[in-house]
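Novice: Build the 3D model from these lines:
(5 chains, ligands or ions: 4)
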Amino acid sequence: MNLLASDITALWLTLQLAAVTTVILMVIGAPLAWWLSRSTSKFSSVVEATVALPLILPPTVIGFYLLIAFSPDNFLGSSWLALTGQPLAFTFSGLVVGSVIYSLPFVVQPLQSGFQHFDHKLLEAAETMGAGTLDRFFNLIIPLTRRAFVTAALLGFAHTMGEFGVVLMIGGNIPGETQVLSIALYDHVEALDYQRAHWLAGGLLAFSFALLILLYGFNRHKKSGVKQL
Amino acid sequence: MNLLASDITALWLTLQLAAVTTVILMVIGAPLAWWLSRSTSKFSSVVEATVALPLILPPTVIGFYLLIAFSPDNFLGSSWLALTGQPLAFTFSGLVVGSVIYSLPFVVQPLQSGFQHFDHKLLEAAETMGAGTLDRFFNLIIPLTRRAFVTAALLGFAHTMGEFGVVLMIGGNIPGETQVLSIALYDHVEALDYQRAHWLAGGLLAFSFALLILLYGFNRHKKSGVKQL
Amino acid sequence: HSALTDTLSIATASNFRPVLEQLSQTFSEQQNADEARHKINISSASSGVIYAQILQGAPFQLFFSANESYPEKLVASGHGEPKTLATYAIGKLILVSRYEIDDLEGEDLEGDDLEGKSPTDILLKAKRIAIANPRTAPYGIAAMEAMDSLGVAKESQSKLVVGNNIAQAWQFFHSGNADAAIVAESLASLAESAAVKEQQQRLFTIDLSSYLKHPVRQGRVAIKPVSPLAQQFLSFMNTTIAEKIMTDGGYLLPTKGKDITP
Amino acid sequence: MSGDKKIQLAVEHSFLKKGGAQKERVQKKSAQKANSQEADFTLAIKAQLPSKGITAIYGPSGCGKTTLLRCIAGLEQADHSQLHIGADDLGALPAKQRQLGYVFQEDRLFPHLSVDGNLNFAWKRRFSDNGPSKQQVIAWLDIEILLDRKPDQLSGGQKQRVAIARALLTAPRCLLLDEPLAGVDSKARNPILRHLETLAENLSIPMVYVSHNLDEITRLADHLIIMDQGRLVAEGPLLDMLSRLDLDVTRQESAAVVLNTRIVDHDDRYSLTQLALSLDSGVSLGSESDAQLSVGQLSGEPGNTVRVRIPSRDVSIALERPSQSSILNILPGVISEIESIDGARVIIKTEVAGQAILARITRKSMEHLQLETGKQVYLQIKTVALLSETLN
Amino acid sequence: MSGDKKIQLAVEHSFLKKGGAQKERVQKKSAQKANSQEADFTLAIKAQLPSKGITAIYGPSGCGKTTLLRCIAGLEQADHSQLHIGADDLGALPAKQRQLGYVFQEDRLFPHLSVDGNLNFAWKRRFSDNGPSKQQVIAWLDIEILLDRKPDQLSGGQKQRVAIARALLTAPRCLLLDEPLAGVDSKARNPILRHLETLAENLSIPMVYVSHNLDEITRLADHLIIMDQGRLVAEGPLLDMLSRLDLDVTRQESAAVVLNTRIVDHDDRYSLTQLALSLDSGVSLGSESDAQLSVGQLSGEPGNTVRVRIPSRDVSIALERPSQSSILNILPGVISEIESIDGARVIIKTEVAGQAILARITRKSMEHLQLETGKQVYLQIKTVALLSETLN
Ligand SMILES: Nc1ncnc2c1ncn2[C@@H]1O[C@H](COP(=O)(O)OP(=O)(O)OP(=O)(O)O)[C@@H](O)[C@H]1O
Ligand SMILES: Nc1ncnc2c1ncn2[C@@H]1O[C@H](COP(=O)(O)OP(=O)(O)OP(=O)(O)O)[C@@H](O)[C@H]1O
Ligand SMILES: [Mg+2]
Ligand SMILES: [Mg+2]
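Specialist: Numbers count the residues shown, from 1 in each chain, chains lettered A, B, ... in the order given. Ligands and ions are numbered 1, 2, ... in the order given. Next up is the predicted model:
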């Protein structure tokens, strides 16, 4: 049965949001996690705890505080407005900012854990061959902690896809702009339109399942090449 | 200002739920993750994808389907009723079951990623010394992937603490039984009782922050002992 | 502003969304016949969330709340246009239960408060009663009030399972986890018309409106600045077609005199 | 325990081409698949080792020594594998039940445990109480001061010593050592070798000792297996193997024979010990001094049997008994075999008091001295070459 | 490039007790803290190495060889560290800018790359185009057939060869080798050593070669640094060092001297080459045959200089020129120094044609032959001992 045009829009928007968020998360998260995994300063414990905080608060509550922070009356909201000419709340950009904050621990934690197991000896070897920081990062750390990167990206992406509370609060459920799939799906359930909810949820599940199997199958295949990793 | 007795009850309940859930998650998740990280069968890809599925669906929707599954009309609900004499929905046990399902990927993924980096050579060495599977698990794998275990437990615990959608759906908001902190906090926000919401959120944040700093500080301290890990 | 791209953003309490969707569809059909093309975006959430969002500058033009106080507060804070403040609907409170007819020895309980088959019996017999959250949802407050009037408040207290809103209370009931629920008539009619038809079990619905001293009055307001399209939509709400849609959806209409027309 | 138990071993194993294929190894259909799935390397070894003493496995890099040990230990899923120690069939047991000690080619110390923790890990899981104590092992390997360190705070040689200590502490019923002394310097090496020998002797723990260092092997082993490209080239008691001119080991720069000798006397003044080549002290007392060797002073009683090692490069040949030379050890012998190594050098096997001694000399000298089979010659062996190379 | 550039080196470094404290190393307040924070190990080395040729670092396990290399490479945050190669001050540069090649004690191959991938990693980042080509290096180390393998599919010796190849491919301005041949068998070892020498000669890449194998060092090095417990014991050109009786190296079982010689003639019939000890071909033609050695045939032209190695255990002493012996090389010499090693043995230094040769003999022989400083003797050196031990 039928997925309405609005569902398609929501799906598309969700994928965009999840993709953009994941990219930003990886770009921010990887160096952050690396630094956290190497630093021994006390300050880094504070940063580590701060990054993990969004884990503790319920998403709607985070959303509520973000909503307040995004208000043009407050620093974040007003500076963003001044910089981009657009408000943060109730816009796609706002969703991205919110999702990044909310999903950051889901990316940083697995990466950090992966980096912690990284064999420093290989980095030293690369260093003697003249490999600089970025070189080592892209040619050693990423391939050797591939699994941690996959996990981080997956958790980040999926968490953004399934996110609900934050998006509802700061997004305002505006079709085409901030109405993501999770909210549309919730709306169907709330409107007792169970059939559509089933279809949408089923489709989403089937799609995700197929994607995950592909991803894991591929991962597993590659894995057997490098036994110890 | 004042946290009402009901908030204290909710906090206590939340900690209990998170603790019980985390323990169950670790007990289920660790062997599952280990198997997934070692198995090369196609079947394991399917299991891996299945475990990851709760990541994709919005929590409220998962809650909705769990609610249906918990109904005495359905298999899970009726068998549970027959076994324990208690329904699953609107009970603490139900919350635990729901949280375990929902948080499973957050525990399995980091563990699996940690295990994947595990040096198989050390296990072989232990094997020649007569160490059996459990022995190796507790005396080598756990200490050597400590960081992955910490991450997994942390993500599992925090995610259960902050969980909202699922609990809202299957809990029924019963004080002392299923009204957890995230819902109490959400209620305050919805009831425009912002002051209480601020107090509760602030307290929760401060508490979690202190806890995390302790945890990470400790972790960092221990880390420097084993340089390569 | 070309009429072609005009957009009307309406925020509504979740319980009114299905009816509002029908309303906006009919409205659009009428308007588009006049070649004034536009788009209507409906956003739904709980009234409290929408209220907070409007305070933070959410781009909504109309707000259909589930109570009267949020629209009034918005007017007081200067966000709402006082002239558009009105009660647009009165919710009907009903009790639904899953009991077989035999269980209650009656033939047809629907609509009537038959002797011996009172809501009190049902509420006393139920193991779990689903209601909306009385702290946040108007129907929750109403449900508590009704149980008070029925004199079962104390007995019911331990059986209550509280949904975030009536839709959730309905799901508790509908999924079979609660055997009775006090919800809005609008939900029952929605359920009647949609998926519930497939379900073999018959529902019992008992109107509880008569037990309420304070009926659930749902208020609305337009957010400043009020666009012509918003004005047009509010006018449309007073047409008979619109009123028919609302009553079919399970709402009572407020007395005409209280309405404010532009 | 009993002398006639044997370790019986039959292993076949292939590493197939392409990394991934390795796991999906052909099982039933190996016959058909064998050609389509080309093997990178194939191991096929069948051998019988004595259940007492030290068996050395010798062969060039990449010949399959490590793979063989892994198959014995049950760490490699061999295609076919049989292993009996005496009456016990270990072939079907998983690695953890085989009760073998394994010193890996790389140290595999547990990085999260201190040296002491690593030792305790093994000690707690020891297979029997017959093994050496922790104190003993720590003293043998001289790792007392390292006990509190983490493995990443050790030098390469220190790590290897700790790894050996750890393997000893499990009191295994057989010890597998994969080039355990490659990173250990010569000073530290001698005491370790001595203790390994003692273990093999006194506790009757058989050892399989992989090495491509012929020096080490001749000093340590009782039995020798020579491998090349996954196959067994030759196998037998060390003493026999070292005098077989058909083997590559006797042409190596470090080739040497090992002789069984008997202590005759100690010369305290010069700190020397006289050894007789004939073991039977009763026979031919008169000619005894002909077949005697002087070595650095040993601790044994006269009559004790000792093994000495004579590198063939240290043996020169003269037709008359030389005098006025610093060379003390001059033995009369009869040439039994001559084999040329390359254009310049030949190897000459001589019989001395019933044992074989090899001498490597130039072809020029051979022709010059007109050496041939059956000729009576004198072997000059530099005394000093024997010092510190004795075993008991 | 230029001969009088030097590598100047001054390093001080301590590993403090307690794992964690290591990072929080005392910096300013080292003076006061020094006693309270006891060091596990302290390295303090100051040395000047030639910027051409191979410098060997020799010392027992745990003496700080690896730590020294790490300081040179910039991998260890030394407490004080200075490093100049010629005019360039490398001391302050991070490891990645020092342009040094490092072969680690453990292979550190990248496990996610094939052997070829590992080589390419180095090749792509090479510091100059003056180094050897990939083809050359692959041929030298004989790793052609391994190119497609992943590191975990290699044997121990194969890994080490790949690691050496990888380091060579970066065309470093100095090569640091930490026991690179510990796991490589003797057959594979010779060609690798030969190519390393060629590199050091032809490409003037200086090398620092850590080893506790004296054989390897005498065959390879030009310069020798002897370490013990973190300190420099002695340092100097290899030829001088090897004949210094005050050093431990000359008492070792494998002690040897290295001589500079000149090719005189080739004897094709017996595949031998005649070498003269006196380098100046004009001087004293008459006595030339007195100081000549026969070695296995070499490829050089008459007049070329070659180095030969004479293990002191292979040298015996006679008072008259022996005849009728397989020993071809008999050199006249004069005893210049006598030192006793232990109760049984002494070491005797003799001057032969201006160079020093050491002989290790028993004290008994010494007394028997009445050897003393200034006495004229004949040194017997087994020809064969020189074969395959020549360098050019
Ligand atoms: N996992 C593998 N896959 C494919 N080939 C392998 C694998 N492991 C080892 N080999 C190959 O098998 C052969 C034997 O390896 P092995 O490690 O047993 O050699 P080795 O005799 O121990 O050598 P070394 O003295 O260098 O340690 C080598 O050629 C090696 O390249
Ligand atoms: N991180 C560390 N912390 C404390 N002590 C260390 C650390 N690393 C090395 N050491 C100690 O420093 C000394 C020198 O170590 P190093 O690795 O330099 O020795 P080495 O000469 O290379 O020995 P080998 O020949 O065994 O490799 C050793 O006693 C070692 O135990
Ligand atoms: Mg090996
Ligand atoms: Mg070292």
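
Novice: What is the lengthiest helix in chain D packed up against?
Specialist: Counting by DSSP state H, the longest helix found in chain D is helix D:186-202. If you count contacts as 3 or more Cβ pairs under 8 Å, 6 or more residues apart in numbering or on different chains; DSSP states H and E, helix D:186-202 packs onto strand D:54-58, helix D:134-141, helix D:156-169, strand D:207-211, helix D:214-220. Bear in mind the C-beta positions are built from the backbone N, C-alpha and C, glycine included.

Novice: Kindly recompute the last result at 10 Å.
Specialist: When contacts are defined as 3 or more Cβ pairs under 10 Å, 6 or more residues apart in numbering or on different chains; DSSP states H and E, helix D:186-202 sits against strand D:54-58, helix D:134-141, helix D:156-169, strand D:174-178, strand D:207-211, helix D:214-220.

Novice: okay, and for chain C, where does confidence drop off?
Specialist: Along chain C, segments meeting pLDDT under 70 span C:1-5, C:32-36, C:99-117, C:192-203, C:255-262.

Novice: What ranges does it have for its helices?
Specialist: For chain C, helices defined by DSSP H occupy the ranges C:17-33, C:47-55, C:69-76, C:119-125, C:138-150, C:153-157, C:166-174, C:185-193, C:228-236, C:240-248.

Novice: Three-state assignment for the residue nearest the centre of chain A, please.
Specialist: Closest to where the C-alpha atoms of chain A average out (Cα atoms, centre = their mean) is residue A:156, at 2.9 Å. Three-state assignment for residue A:156 (DSSP: H, G, I helix; E, B strand; the rest coil): helix.

Novice: now the helix or strand where residue D:368 lies, how far from the centre of its chain.
Specialist: Assigned by DSSP states H and E, residue D:368 belongs to helix D:363-369. Here the centre of helix D:363-369 is set off from its chain's centre by 33 Å, with Cα atoms, centre = their mean, to the nearest Å.

Novice: Does stretch D:111-126 reach ligand 2?
Specialist: No: counting by Cβ under 6 Å from any ligand atom, no contacts exist between stretch D:111-126 and ligand 2, the nearest distance being 9.9 Å.

Novice: That stretch close to chain B?
Specialist: Yes: using Cβ under 10 Å from any Cβ of the partner chain, stretch D:111-126 reaches chain B at D:111-114, D:117-118, D:121-126.

Novice: Now that stretch - C-alpha only, CSV.
Specialist: Taking C-alpha atoms only, stretch D:111-126 is exported to CSV below (Å, rounded to 0.1, in the frame of the first residue of the first chain):
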residue,chain,number,x,y,z
PRO,D,111,50.8,-6.7,27.8
HIS,D,112,48.4,-5.9,30.6
LEU,D,113,50.2,-8.0,33.1
SER,D,114,53.6,-7.4,34.7
VAL,D,115,56.4,-9.9,34.2
ASP,D,116,55.3,-11.4,37.5
GLY,D,117,51.7,-11.4,36.4
ASN,D,118,52.7,-13.2,33.2
LEU,D,119,54.6,-15.8,35.2
ASN,D,120,51.7,-16.3,37.6
PHE,D,121,49.3,-16.7,34.7
ALA,D,122,51.2,-19.8,33.7
TRP,D,123,52.0,-20.9,37.2
LYS,D,124,48.3,-20.9,38.3
ARG,D,125,47.4,-23.1,35.3
ARG,D,126,50.4,-25.5,35.5
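
Novice: roughly how far apart are the residue of chain A found nearest ligand 2 and chain E?
Specialist: Per Cβ to the nearest ligand atom, residue A:120 is where chain A lies closest to ligand 2, at 11.8 Å. Counting by Cβ to the nearest Cβ, to the nearest Å, the separation of residue A:120 from chain E is 10 Å.

Novice: what number of residues lie near that residue?
Specialist: 12 (other Cβ atoms under 10 Å in any protein chain shown).

Novice: so what pLDDT did it get?
Specialist: Residue A:120 is assigned 85 on the pLDDT scale.

Novice: Backbone dihedrals for it, please?
Specialist: Note on residue A:120: backbone dihedrals following degrees, to the nearest 10 are phi -60, psi -30.

Novice: how about the longest helix of chain D: buried residues?
Specialist: Residues D:186, D:188-189, D:192-193, D:195-197, D:199-200 are the ones in helix D:186-202 that count as buried (16 or more other Cβ atoms under 10 Å in any protein chain shown).

Novice: how about the residues of the stretch 1-150 of chain C near chain B?
Specialist: Residues of the stretch 1-150 of chain C lying close to chain B by Cβ under 10 Å from any Cβ are C:45-49, C:51-52, C:55, C:69-70, C:73, C:127-128, C:130-131, C:133-137.

Novice: are any of these buried, and which?
Specialist: Of the residues of the stretch 1-150 of chain C next to chain B, these count as buried by 16+ other Cβ under 10 Å: C:45-49, C:51-52, C:55, C:70, C:73, C:128, C:130-131, C:133-134, C:136-137.

Novice: what does the stretch 101-250 of chain D put close to chain E?
Specialist: Residues of the stretch 101-250 of chain D lying close to chain E by Cβ under 10 Å from any Cβ are D:104-107, D:114, D:142, D:145-146, D:148-150, D:152-161, D:178-179, D:181-190, D:210-215, D:248.

Novice: Quick check on those residues: which are buried?
Specialist: Among these, the ones that count as buried by 16+ other Cβ under 10 Å are D:104-107, D:114, D:142, D:146, D:149-150, D:152-161, D:178-179, D:181-186, D:188-189, D:210-215, D:248.

Novice: Among those residues, which ones lie close to ligand 4?
Specialist: D:155-156 (Cβ under 5 Å from the ion).

Novice: out of the buried ones among the residues of the stretch 101-250 of chain D next to chain E, who's near ligand 1?
Specialist: Contacts with ligand 1 within these, counted by Cβ under 6 Å from any ligand atom: D:105, D:212.

Novice: hang on, the earlier thing: the residue nearest to the centre of chain A and residue A:30 touch, don't they?
Specialist: No: at 11.2 Å, residue A:156 does not count as touching residue A:30 under the criterion of Cβ atoms under 10 Å.

Novice: Can you check which residues contact both of the two?
Specialist: Listed as contacting both residue A:156 and residue A:30 by Cβ atoms under 10 Å, 6 or more residues apart in numbering or on different chains are A:107-108, A:111.

Novice: Just these: which are in strands?
Specialist: Among the shared contacts of residue A:156 and residue A:30, no residue falls in strands (DSSP state E).

Novice: before we move on, the earlier item: I'd like the buried residues of helix D:186-202 as TSV, with distance to residue E:98 and pLDDT appended.
Specialist: Listed next are these as TSV, based on distance: Cβ to Cβ, whole Å; pLDDT from 0 to 100:
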residue	distance to residue E:98	pLDDT
D:186	32	77
D:188	32	79
D:189	34	82
D:192	37	83
D:193	39	84
D:195	42	81
D:196	42	84
D:197	46	82
D:199	46	79
D:200	47	80
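
Novice: Among those, which one lies nearest to chain C?
Specialist: Nearest to chain C among the buried residues of helix D:186-202 is residue D:199, at 70.5 Å by Cβ to the nearest Cβ.

Novice: Could you pull up the contacting residues of the closest residue to ligand 3 within the stretch 51-200 of chain C?
Specialist: With Cβ to the ion as the measure, residue C:175 is the residue of the stretch 51-200 of chain C nearest to ligand 3, at 64.1 Å. Counting by Cβ under 10 Å, 6+ apart, residue C:175 makes contact with B:64-74, B:77, B:89, B:169-170, C:130.

Novice: Many thanks, have a good one.
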